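Asker: Sequence first, predicted model second:
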Amino acid sequence: MVTEFRFPDVGEGITEGRIKKWLVKEGDTVEEDQTLVQVETDKAVVDMPSPADGVILEIMVPGGEKVQVGEVMVTIGGDGEEGPRSREKPGEAAEVPEEAPPEEAVKEARPDKVFALPRVRKMAREKNIELSAVKGTGPRGRVTEKDLEEFIRLRERPGPAPSKQKKKPMRIKLNYDFYGHISYADYKGLREVIGNRLTTSRFTAPHAAAMDEVDVTELWELRKGMNEELKEKGERLTFTPFIVKAVQRSLMKHPTLNSMLDEENEEIIIKEYYNIGVATDTDEGLMVPVVKRVETKGLTDIQKDMDNLIKISKDRTIDLADLKGGTFTISNFGAIGGIYGVPIINFPEAAILGVGKMKELPRVVDGQIVVRRMMGISVSFDHRIVDGAEVARFINTLKDYLEHPGKILI
């Protein structure tokens with residue numbers, strides 16, 4: 001019996017991946033649960049285990065190519081069996097099946113839920129159109145009124161006369177342009193996915209931003225003292241756990257920033273748990289591992305979680321579960337040297353905090369010019385969900401925790 005191993009629906013709206021590396025070749029004998037292939041998604045590199053014992057008959061999607069959810073990646077069978085391509089007669093192309101695909105295959109290749117606003121659903125019913133047949137271009141694949149109108153227009157338009165497909169012209173890559181030498185870097189895999197996700201966020205959520213500066217002199221001294229005590233245990237704290245904990249406490253007082261917008265049902269979903277994502281720079285691009293249930297953890301627990309998440313992010317062994325479920329994100333560009341920035345929201349979250357570099361600067365305190373350690377912060381937010389006044393109040397609360405860090409420990 002031949003088993004067709006399809007790229008499964010791994011959730012989180014992932015519809016495609018890219019074959020990063022095949023760990024087997026055609027003709028290899030494999031066992032159930034043996035890792036066959038590494039697939040790169042917008043979240044992580046995922047190891048795909050074999051669904052059955054058998055022999056690798058045919059690898060249908062070569063390394064480096066994209067694969068869609070529901071698409072057959074490889075066929076597995078017994079000795080002497082043949083894959084679909086091998087069963088074709090020499091010199092003949094495989095016949096194109098005329099019958100409709102099995103219902104199970106359709107369900108696997110396409111999500112059951114179609115996102116659309118009520119007025120679009122009503123319009124589809126009036127026109128007797130199945131929404132699942134319409135390609136959505138809105139957020140999370142939502143079918144918009146424009147998508148439906150375009151579908152109707154194409155359905156009613158006579159089909160074009162058949163014509164021969166032109167071959168794509170050969171591309172010659174030069175190592176120079178008009179001004180000097182150039183080189184190339186691939187825009188695919190994780191880099192392409194990051195670009196697509198940021199574009200979706202930037203042009204879906206109307207971004208607004210607010211900025212302020214925080215006096216972290218007391219935080220600097222508190223951390224220094226705590227690290228002296230933790231040194232005996234072989235532990236240490238960076239500044240990030242303090243910021244993560246201060247954010248969580250602030251979100252409890254300003255819950256609208258810990259939410260997401262459900263456009264289909266026209267509701268704002270406020271999360272009553274606090275899963276904080278921390279943007280992490282890796283050799284292959286930006287990743288956002290998530291520290292789960294921060295409200296239940298102390299500073300050292302958060303630090304241990306972060307150390308582990310950063311490590312497995314950078315060596316690309318992180319599990320998809322560690323990249324899911326975030327309710328708010330922190331981007332600490334100050335760790336590299338930036339003072340201020342306007343980060344892009346980690347869609348569909350409501351807001352993101354940008355943290356700048358800590359610097360010694362002159363400031364006026366009680367009428368005297370003194371040197372204080374200052375840190376710039378910025379909050380980008382989805383203006384559909386949150387108003388600027390509430391963001392300003394959130395920033396004031398966050399500043400209070402960071403400028404009086406003893407409150408974080410209570």
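Answerer: Yes, it's here.

Asker: Apart from its neighbours in sequence, what residue is nearest residue 8?
Answerer: Nearest-residue entry for residue 8: residue 69, 7.2 Å, with adjacent residues in sequence omitted and distances by CB to CB, 6 or more residues apart in numbering. All C-beta spots, glycine's among them, are computed from the backbone N, C-alpha and C.

Asker: The one you found touches residue 7, doesn't it?
Answerer: Yes - taking contacts as CB atoms under 8 Å, residue 69 lies within contact range of residue 7: 5.6 Å.

Asker: Please identify which of the two sits among more neighbours.
Answerer: In this view residue 69 and residue 7 are compared by other CB atoms under 10 Å, and residue 7 has more residues nearby, 27 against 17.

Asker: so where is the stretch 151-300 of the chain shaky, pLDDT-wise?
Answerer: 156-171, 177-179, 190 (pLDDT under 70).

Asker: Quick one: neighbours of residue 387, just the number.
Answerer: Neighbour count for residue 387, taken as other CB under 10 Å: 12.

Asker: Now do the phi/psi pair for it.
Answerer: With angles defined as degrees, to the nearest 10, residue 387 shows backbone torsions of phi -90, psi 160.

Asker: just to revisit the earlier point, which residues are common contacts for residue 69 and residue 7?
Answerer: residue 16 (CB atoms under 8 Å, 6 or more residues apart in numbering).

Asker: if I look at the residue nearest to residue 8, how far off is residue 129?
Answerer: Between residue 69 and residue 129 the computed distance is 23 Å (CB to CB, to the nearest Å).

Asker: now do residue 64
Answerer: To residue 129, residue 64 is 37 Å away according to CB to CB.

Asker: These two: who's more crowded?
Answerer: Comparing residue 64 with residue 129 by other CB under 10 Å, the one with more neighbours is residue 129, at 16 against 13.

Asker: Quick check, that one in contact with residue 148.
Answerer: Yes - at 7.0 Å, residue 129 counts as touching residue 148 under the criterion of CB under 8 Å.

Asker: OK, contacts around residue 294?
Answerer: 244, 245, 248, 274, 275, 276, 302.

Asker: repeat that for 7 Å
Answerer: Residue 294 makes contact with 244, 245, 248, 274, 276, 302, according to CB atoms under 7 Å, 6 or more residues apart in numbering.

Asker: which of the residues you listed sit farthest apart?
Answerer: 274 and 302 (11.1 Å; CB to CB).

Asker: Residue 369 and residue 362 touch, don't they?
Answerer: Yes - with contact defined as CB atoms under 7 Å, residue 369 counts as touching residue 362 (5.4 Å).

Asker: Check for me that residue 251 belongs to a helix.
Answerer: Yes - under DSSP: H, G, I helix; E, B strand; the rest coil, residue 251 sits within a helix.
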